[in-house]
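Peer 1: Can you look at this prediction? I've put the sequence above it.
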Amino acid sequence: MDLLAVILVDGLIYGAWLFIVSVGLTLTFGVLNILNMAHGGLYAIGAYTTATAVGIYFANGGDAFPLGSYAVMVFAALLVAVVLGPLLERGLLRHFYDRDHVVIVLVTYGIFLILEDVMKLIWGVTPLFVSEPYSLLGNVEMGPLFYVTYDFLVIGVAIVAGLIVWYVLNRTRQGKVVLAVIHDREMSRTMGVNVNKVFMVSFMAGVFLAALGGALTAPMISVSPGISVNVIILAFAVVIIGGLGSIEGAAIGALFVGIARAASVHMLPAAELFIIYLVMAAVLVFRPEGLFPKTEARKI
Amino acid sequence: MMNSRFFVPLSCVIIFSALVGIGFIIPQWAMFLATMALAKGLVALGIVILMRAGLVSFGQGLYFCIGAYVSGLMANWTGITDIILLSILGILVSVILATVCAKLLSGYRGIFFAMLTLSLSMILYGALSKMSMIGGTDGLNVSAPTFLGFAPEGRALGFSLYFYTCLVSVIAGGFIRVYFNSERGLTALAIRDNELRVEYLGSSVKSAISAGYIMAAAVGGLGGVIAGLAIGHVDPEYAYWTTSGEFVFVAILSGFFSITAVFASSIVLEIVRSFSNLYFPNTWQLVLGVFLLIVILLLPNGLGSLFNKLRRRGDSE
């Protein structure tokens, strides 16, 4: 198999993963206008909850039906969303909606710091391993190389998640209400939309997607403190490249970054650490507001 | 208010004397803490300059790191250990780089400015981590500085560094206060309100932002030189985004009304961090996060707004 194909497959896998961890961020930004730094923390909590839940599942006779562990993973992410979503949005964030953009970023940074230690308090600092779901599906042979089938499952989940978000936003009544809120909060409120509810549900959806990212990642890595820090910046880069608040943008941004990273891993390993920022800087130089920017009226 | 021509130099002298006086009393660990707080305060001051124009740089770690590496590499390669020379070199390198970056950055606003500055500093972080020639992720040691030929050791070294840091902080603070009160400095506030109007009135928004960015880089580099020399070690972490996040933290904590507040917040943050590190070794981030949320909730315009309130009360009497 030639190098180009390897880069494409690797890039696709990495890009799919990036899309899952960043689509929630762009959704939250699109609806609530919040760039959520705590996203990485929520991702990590998703990973930890999954590690615990899957561990419990296999300890209690899950071996009889190992595929059930995938349902457990989704359930774990859902649990995180239902518990933390309303808590953070109603309990904290809503007090800061009228503040400056950057102040809200700092608020979410504060939440991120708090979550970091809360995780250490709950799960300790020893790494957790739940590799069962990762090896469950076996390998795929592609030319001389073996790929873990789970990686392709990630691609599948990314596509399905992207399509569902897109469909709900653009083709359902509730989704159109959300779009109306994105377009004009005040006007939607006067038209009888319960904006607070839209905010809460959208934030919960964002948390769910972050936690789902963590849930999918948990079997691939050792879940330990510190996994959240890098994810934030990766997700930020993807979302900025795509244009803040754009789902399509996040997909293309993730693909861009995924392939760029795969290419650098194979051809220029020294650049791997910063290729993502390089891509981001390069995109911003030519498209100052990302690939799919929101249009806004000039106010004089 | 007092005649403003004398107000700035006078308050600089008073603050400087007070700081040096404090230096004679406090123990060595507190002196180190204060030196670091002032060095970081200098970097945060750069963010405050930009904040007045409505921009937040999430990548001041870039200049902090460059300043620190300049002090480390110069000592290792050329044997220059004089702190004044190192400071000038650190500022010079930062300003040159900032002049190039400003060309690119001055066209960006809001979150895009923040992310682009962040990505620049992360590129430096990635590059330094891979350069095994200058230590890679381990970084390198920085030899102790000399002060115009005077080479102190032990407590004298700590005090000399503290003295120098107080001096440059006060000078930088004084200059920036004068800049803030100047016509060009006040343009920044107008840009924050509405940059289209500023353009229509005939000022160049881009050049004002570039100037602010270059000044921010200069103080950032200076802060880096001092921090590198005070710690005696530099590594790529200086350019990592969490380091930059800390500076933004200080800037938000202080608000953009008072320069003294920037250094005060930096000291407050350093104290909160050290003590929570000491008393809650496993949950200091939690303490820091809660502290941050409370400050933002209770002091929307930062510590500086408190100072201003006090001053206004004093004026009305």
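Peer 2: Received the coordinates, thanks.

Peer 1: Against residue B:109, how distant is the closest residue to residue B:61 other than its chain neighbours?
Peer 2: Counting by CB to CB, 6 or more residues apart in numbering or on different chains, residue B:244 is the residue found nearest to residue B:61 once chain neighbours are left out, at 3.8 Å. Where C-beta positions appear, they are placed from N, C-alpha and C, glycine not excepted. Distance of residue B:244 to residue B:109, computed by CB to CB, to the nearest Å: 18 Å.

Peer 1: one step back: buried set for the helix or strand that contains the residue nearest to residue B:61?
Peer 2: In the assignment (DSSP states H and E), residue B:244 maps to helix B:241-254. Neighbour counts over helix B:241-254 (16 or more other CB atoms under 10 Å in any protein chain shown) mark B:241, B:243-254 as buried.

Peer 1: returning to what we had before: is the residue nearest to residue B:61 in contact with residue B:65, as I believe?
Peer 2: No: counting by CB atoms under 8 Å, residue B:65 is not a contact partner of residue B:244; they are 9.5 Å apart.

Peer 1: other SSEs contacting the strand or helix carrying residue A:90?
Peer 2: For residue A:90, the host element (DSSP H and E) is helix A:68-91. Counting contacts by 3 or more CB pairs under 8 Å, 6 or more residues apart in numbering or on different chains; DSSP states H and E, helix A:68-91 is packed against helix A:39-59, helix A:132-135, helix A:195-217.

Peer 1: Count the residues that sit near residue 125.
Peer 2: Since no chain was named, I'll use chain A. Residues lying near residue A:125 (other CB atoms under 10 Å in any protein chain shown) number 10.

Peer 1: that's the other chain; I wanted chain B
Peer 2: By the criterion of other CB under 10 Å, residue B:125 has 27 neighbours.

Peer 1: Likewise for the one 5 residues further on?
Peer 2: Here the neighbour count serves as a burial measure; for residue B:130 (other CB under 10 Å) it reads 17.

Peer 1: Enumerate every residue touching it.
Peer 2: Taking CB atoms under 8 Å, 6 or more residues apart in numbering or on different chains as the contact definition, residue B:130 lies against A:270-271, A:273, B:136.

Peer 1: Find the nearest non-adjacent residue to residue 174, please.
Peer 2: Since you didn't name a chain, this refers to chain A. Sequence neighbours aside, residue A:168 is the residue nearest to residue A:174 in space, at 7.0 Å (criterion: CB to CB, 6+ apart).

Peer 1: that answer is for a different chain, and I need it for chain B
Peer 2: residue B:12 (4.3 Å).

Peer 1: how much space between the residue in chain A positioned nearest to chain B and residue A:260?
Peer 2: Using CB to the nearest CB, the single residue of chain A nearest to chain B is residue A:274, 2.7 Å away. Distance of residue A:274 to residue A:260, computed by CB to CB: 11 Å.

Peer 1: Check residue A:123 too.
Peer 2: With CB to CB as the criterion, residue A:123 and residue A:260 are 33 Å apart.

Peer 1: now do residue B:143
Peer 2: Taken as CB to CB, the span from residue B:143 to residue A:260 is 40 Å.

Peer 1: Contact partners for the one residue sitting closest to the centre of chain B?
Peer 2: Geometric centre of chain B, nearest residue: residue B:43, 1.5 Å, by CA atoms, centre = their mean. Residue B:43 makes contacts with B:60, B:63-64, B:219-220, B:223-224, B:247, as judged by CB under 8 Å, 6+ apart.

Peer 1: OK, contacts around the nearest residue to it once chain neighbours are set aside?
Peer 2: Residue nearest to residue B:43 in three dimensions, not counting chain neighbours: residue B:223, with 4.0 Å by CB to CB, 6+ apart. Listed by CB under 8 Å, 6+ apart, the contact set of residue B:223 reads B:39-43, B:63-64, B:67.

Peer 1: pLDDT score assigned to residue B:223?
Peer 2: For residue B:223, the model assigns a pLDDT of 97.

Peer 1: Is it in a helix, a strand, or coil?
Peer 2: Here residue B:223 is helix, with the state taken from DSSP: H, G, I helix; E, B strand; the rest coil.

Peer 1: interface residues of the stretch 201-300 of chain A facing chain B?
Peer 2: By CB under 8 Å from any CB of the partner chain, the residues of the stretch 201-300 of chain A that approach chain B are A:229, A:233, A:236-237, A:240, A:244, A:270-271, A:273-274, A:277-278, A:280-281, A:284-285, A:288-290, A:298-300.

Peer 1: Now the buried members of the residues you listed.
Peer 2: Counted by 16+ other CB under 10 Å, those give A:229, A:233, A:236-237, A:240, A:244, A:271, A:273-274, A:277-278, A:280-281, A:284, A:289-290 as buried.

Peer 1: that older thread, any chance of CSV for the helices and strands packed on helix A:68-91, columns mean neighbour count, distance to residue B:283 and mean pLDDT?
Peer 2: As requested, the helices and strands packed on helix A:68-91 are exported to CSV (neighbours: other CB atoms under 10 Å in any protein chain shown; distance: least, CB to CB, whole Å; pLDDT from 0 to 100):
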stretch, mean neighbour count, distance to residue B:283, mean pLDDT
helix A:39-59, 25, 15, 94
helix A:132-135, 18, 32, 86
helix A:195-217, 24, 22, 94
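
Peer 1: Include distance to residue B:163 when you put these into a markdown table, please.
Peer 2: Output for the helices and strands packed on helix A:68-91, formatted as a markdown table (distance: least, CB to CB, whole Å):
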| stretch | distance to residue B:163 |
| --- | --- |
| helix A:39-59 | 41 |
| helix A:132-135 | 58 |
| helix A:195-217 | 48 |
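
Peer 1: one step back: which residues sit in contact with the residue nearest to residue B:174?
Peer 2: Counting by CB under 8 Å, 6+ apart, residue B:12 touches B:170-171, B:173-174.

Peer 1: Just give me the closest of these to residue A:109.
Peer 2: Nearest to residue A:109 out of the contacts of residue B:12 is residue B:173 (CB to CB; 26.0 Å).

Peer 1: okay, now residue A:127: neighbour count?
Peer 2: Residue A:127, neighbours per other CB under 10 Å, totals 13.

Peer 1: before we move on, back to that, compare the helices and strands packed on helix A:68-91 and give me the one nearest residue A:67.
Peer 2: Of all the helices and strands packed on helix A:68-91, helix A:132-135 comes closest under CB to CB, at 8.9 Å.
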